[in-house]
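J.: A predicted structure for the sequence below; I have some questions about it.
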Amino acid sequence: MKYDPMKNRITITTEEAQLAAGCLIYALRSIRELAGLTLDKYERTGLLEPADHAQRGILEAAKNLGIDLGAEWGNQLDLRES
């Protein structure tokens, strides 16, 4: 990825976007594993936990970079095959 301050433009290759998406999915999987959560989709009950907020932050970062990981909240993702 390269940022051109003169044109206020960022360029990113498809390969770079794929690598970034892979890193974000790895982080989501790690959060789930460390929190003792399942890797498949699950229902949230009760208040949001730190793992919920961390997953949401990753999904928001991806969204702001133009990477669609397919969910608004981490619990909506099935990460078993990722």
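T.: Alright, I've got the coordinates.

J.: only C-alpha atoms for contact and neighbour calcs from this point on.
T.: Fine.

J.: quick one, helices of this structure?
T.: Applying DSSP state H to the chain gives helices spanning 14-35, 50-64.

J.: could I get these as JSON lines with mean neighbour count?
T.: Shown next, in JSON lines, are the helices of the chain (neighbours: other CA atoms under 10 Å):
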{"stretch": "helix 14-35", "mean neighbour count": "15"}
{"stretch": "helix 50-64", "mean neighbour count": "17"}
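
J.: so which of those gets nearest Tyr3?
T.: helix 14-35 (13.6 Å; CA to CA).

J.: what's the pLDDT at His7?
T.: Slight slip there: residue 7 is Lys, not His. Predicted confidence (pLDDT) at Lys7: the value is 93.

J.: again, but for Glu81
T.: At Glu81, pLDDT is 89.

J.: how close does it sit to Ile12?
T.: Distance of Glu81 to Ile12, given as CA to CA, to the nearest Å: 26 Å.

J.: enumerate every residue touching Ile58.
T.: 24, 28 (CA atoms under 8 Å, 6 or more residues apart in numbering).
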